[in-house]
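# For reference, the sequence and a predicted model appear below.
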Amino acid sequence: MIDYSRAFYIRPVIALKMKGLPLILLCLLSFSGLAQPTWLLSKPYAAKFYYCDSLFNFSESNQGIEIISKIENEIKWAATNGDQELCAELKLIRNKIIHGAHANNSGTIENELLNLANECASKKMFFVEADVLQTLGYYYWNYPNGHMQSLAFEKYLTAWNIYTNFPQSLFPQKRKYIAMLGTTYYAYEDYDNALKYLYLALATKPMSNDDQLNSINTTLGLCYRKMWKYDSSDKYFQKVYSGNNAEWKNIAGGNIGINYFYENRFDEAIPLLENDISVSIVTNNNIRNAANSLYVLSMIYYARGEFDKSEKLLQKGLDICRYRKFWPDYSIAEHIYTQLYKVNSAKNNFHLAALYADSAFNAKDSAHARFNSLKLSKAQEKVDFAQHKLETEKLIYQKEKYEFVQYALLAGIILLLIIGILFINRQKLLRNKLETDKKNAELGLEAATIKLDKFLQNIHEKNEIIDHFTLELERLNAGKVEHVDNELRSRLEQATILTDDQWEDFRVTFEQVHKGFFGGLKKKFPDLSQAEIRFLTLTKMKLTSKEMGAMLGISANAIRMTRHRLRKKLDLDKDDMIDELVESL
């Protein structure tokens with residue numbers, strides 16, 4: 001029993017991947033003629049697809065003819081601005097809208113789609129080409145009486161060979177198209193390939209507001225039913241049944257009921273099938289579903305020996321289908337006529353049974369003619385040729401890409417060489433600067449050391465003068481000399497103590513030789529007075545108490561007292577520890 005209509009004949013609508021009222025207003029402004037979609041120029045294909053698809057969805061809920069003139073203007077505008085891809089996608093949407101509004105112009109639309117596909121191929125607009133071929137396949141599949149479904153399959157496969165390597169982010173409808181290809185294989189009763197593409201569709205990231213998941217899971221359930229794997233089939237039907245979509249929930253309930261029928265769980269199957277029939281006819285107007293469930297329900301009553309009830313259900317199935325556009329659906333007709341033959345044979349209505357048997361045979365023959373392997377092979381051969389052509393074009397494209405990469409690498413190498421040379425020169429300049437700075441620092445340190453050594457030498461000389469002058473004073477007091485040498489007195493007055501200016505000069509020179517001494521001292525002992533800092537500084541220079549006193553203009557005994565107070569202040573046990581302290585700084 002074929003039931004692919006449950007998955008295939010509900011056309012998914014791709015939602016506009018734009019968020020919020022501002023983008024809707026942009027679309028309406030563009031439609032009203034107040035603005036062209038300037039933001040789309042030279043944008044990635046995905047943005048153009050979402051915009052064009054929104055126009056198509058808008059036309060379905062309004063009068064499509066009113067928007068066609070707007071799209072015609074946008075086609076001219078896109079061509080004028082050099083965006084051939086946007087121009088081609090707008091042409092495709094225009095044809096979709098015309099196909100919906102004027103079904104009797106199908107021949108013209110077919111030619112326009114074929115020409116558009118050729119145009120896209122010649123200009124290497126592969127995204128739009130795949131979209132056009134898929135649309136053409138959908139057009140062939142829904143052609144009256146199903147006479148062009150093998151051609152539809154060919155277009156679906158050709159489109160697949162183009163978009164298979166596209167990232168979903170660049171080709172948003174990829175998941176939808178893969179699912180349609182899997183459903184087509186199911187319709188041709190090639191369940192292995194159907195499962196392959198349906199699972200691939202599940203693994204493909206959906207676009208925003210994607211409504212393919214229920215369709216994919218339903219078709220997977222149908223495939224496993226045809227393969228007599230009811231546990232797997234129930235698994236996917238239950239996924240749909242547990243969802244929030246009421247329409248799909250009803251479809252899944254009917255399919256679960258059919259599985260229960262095959263498992264001889266008639267009591268569980270009947271309420272599910274009856275609900276599916278009621279909802280499909282009254283609420284959803286899904287006549288194919290209703291007819292299929294009527295057929296299964298009739299077989300339950302036939303198995304129970306309730307032939308009149310079974311026949312009544314079958315006749316109802318024929319009545320609701322007979323005047324529909326899709327009729328004759330040879331798959332449904334074959335099953336209903338076959339079951340009517342069995343029912344009438346059981347009721348001994350052999351004349352009617354013979355008529356129904358003849359009808360069942362004709363329906364079966366027509367169904368097989370539609371899906372025979374010769375047409376599938378022919379379609380596959382055409383696809384192989386198209387694949388070969390596509391691979392040739394890809395080789396040319398790859399060659400051009402390879403040459404471009406070579407030139408890019410060469411340019412990159414040259415650029416790296418230039419950058420390398422500039423980097424080496426800069427490093428040389430930095431190295432020269434560092435060497436110069438180092439030499440200057442060494443010279444500065446040497447000069448400061450010499451200056452400090454000279455300073456110490458002067459201190460020693462001054463101390464010698466002081467010693468000599470002290471001796472002279474003692475001799476004068478003893479009456480051994482009558483006067484002091486005036487030159488010696490002058491030298492002593494100039495050499496007694498360090499003034500503030502001299503100390504500052506001394507401090508700068510000292511810091512050059514002993515870097516960080518004053519900073520470390522202040523950080524470690526922030527409460528030190530200036531006199532104590534001077535004492536510790538002279539201690540660092542290893543001067544004696546006598547030499548310090550001469551420098552500071554105080555006695556050696558005062559220096560010893562300063563050392564003693566400082567030791568107490570710094571909480572040091574011995575005088576020697578002051579020397580160790582200043583050496584550590």
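Cool, the structure landed. Predicted, not measured: the structure shown is a model, and the values here were computed from it. Numbers count the residues shown, from 1 in each chain.
# from here on, contacts and neighbour counts on C-alpha atoms
Noted.
# how about residue 133, what does it touch?
113, 117, 155, 156, 158, 159 (Cα atoms under 8 Å, 6 or more residues apart in numbering).
# Filter those residues down to just the buried residues.
113, 117, 155, 156, 158, 159 (16 or more other Cα atoms under 10 Å).
# Per-residue pLDDT of residue 571, please?
As predicted, residue 571 sits at a pLDDT of 80.
# what about it, which SS state?
coil (DSSP: H, G, I helix; E, B strand; the rest coil).
# just to revisit the earlier point, cross the buried ones among the contacts of residue 133 against helices and list the overlap.
Using DSSP state H, 113, 117, 155, 156, 158, 159 are the members of those that sit in helices.
# ok, the second one touching residue 129?
Think residue 117. Yes - contact criterion Cα atoms under 8 Å: residue 117 and residue 129 qualify, at 5.3 Å.
# now the ones in helices among the buried ones among the contacts of residue 133 in JSON lines, with pLDDT?
Listed next are these as JSON lines, based on pLDDT from 0 to 100:
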{"residue": "113", "pLDDT": "91"}
{"residue": "117", "pLDDT": "94"}
{"residue": "155", "pLDDT": "92"}
{"residue": "156", "pLDDT": "93"}
{"residue": "158", "pLDDT": "93"}
{"residue": "159", "pLDDT": "94"}
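# Same list, the residues you listed, but as JSON lines with distance to residue 207 please.
JSON lines is the format used below for these (distance: Cα to Cα, whole Å):
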{"residue": "113", "distance to residue 207": "25"}
{"residue": "117", "distance to residue 207": "24"}
{"residue": "155", "distance to residue 207": "23"}
{"residue": "156", "distance to residue 207": "20"}
{"residue": "158", "distance to residue 207": "22"}
{"residue": "159", "distance to residue 207": "19"}
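# Tell me the pLDDT of residue 75.
At residue 75, pLDDT is 92.
# And the next helix or strand past the host helix or strand of it?
Per DSSP states H and E: residue 75 is located in helix 64-80. As assigned by DSSP H and E, the chain's next helix or strand after helix 64-80 is helix 84-101.
# how about that following helix: buried residues?
84-100.
# can you give me the angle that helix makes with helix 64-80?
160 degrees (axes from the mean of the first three to the mean of the last three Cα atoms, to 10 degrees).
# tell me the mean pLDDT for helix 84-101?
Helix 84-101 comes out at a mean pLDDT of 86.
# And it, how far out from the chain middle?
The chain centroid and the centroid of helix 84-101 are separated by 29 Å, computed with Cα atoms, centre = their mean, to the nearest Å.
# Quick one: residues contacting the residue nearest to the spatial centre of the chain.
Centroid-nearest residue in the chain, with Cα atoms, centre = their mean: residue 169, separated by 8.1 Å. Contact analysis of residue 169 by Cα under 8 Å, 6+ apart lists residue 46.
# so residue 174 sits right up against residue 163, yeah?
Yes - between residue 174 and residue 163 there is a contact at 7.2 Å, judged by Cα under 8 Å.
# Looking at the two, which is more packed in?
residue 174 (25 against 21; other Cα atoms under 10 Å).
# residues contacting that one?
Applying Cα under 8 Å, 6+ apart, we find residue 174 in contact with 163, 166, 168, 204.
# For stretch 419-439, give the mean pLDDT please.
83.
# Would you check that residue 532 makes contact with residue 566?
Yes - if you go by Cα under 8 Å, residue 532 and residue 566 touch, sitting 7.4 Å apart.
# Between those two, which is the more surrounded one?
residue 566 (18 against 15).
# elements contacting the helix or strand where the more buried one lies?
Using DSSP H and E, the element containing residue 566 is helix 556-569. With contacts taken as 3 or more Cα pairs under 8 Å, 6 or more residues apart in numbering; DSSP states H and E, helix 556-569 sits against helix 530-540, helix 545-552.
# Out of those helices, which gets nearest to residue 190?
In terms of Cα to Cα, the element of the helices and strands packed on helix 556-569 nearest to residue 190 is helix 530-540, at 98.6 Å.
# So what touches the closest one?
548, 562, 566, 579, 582, 583.
# at 7 Å what do you get?
By Cα atoms under 7 Å, 6 or more residues apart in numbering, the surrounding residues in contact with helix 530-540 are 548, 579, 582, 583.
# picking up where we left off before, from residue 348, how far out is the residue nearest to the centre of the chain?
63 Å (Cα to Cα, to the nearest Å).
# any low-confidence regions in the stretch 251-400 of the chain?
284-285, 323, 325-328, 367-397, 399 (pLDDT under 70).
# where do the helices sit along it?
Ranges of helices within the stretch 251-400 of the chain are 266-279, 287-303, 307-322, 330-346, 350-370, 373-477, based on DSSP state H, counting those that start in this stretch.
# by contact count, what packs against the fourth one?
Spelled out, that is helix 330-346. The contact analysis (3 or more Cα pairs under 7 Å, 6 or more residues apart in numbering; DSSP states H and E) places helix 330-346 against helix 307-322, helix 350-370.
# Tell me which residues of stretch 529-547 come out buried.
534, 535, 536, 537, 538, 539, 540, 541, 543, 545, 546, 547.
# before we move on, back to that, elements contacting the helix holding residue 75?
Helix 64-80 packs on helix 84-101, going by 3+ Cα pairs under 7 Å, 6+ apart.
# neighbouring contacts of the helix it packs on?
Contacts of helix 84-101 (Cα under 7 Å, 6+ apart): 48, 52, 56, 64, 68, 71, 75, 78-79, 106, 109, 125, 128, 132.
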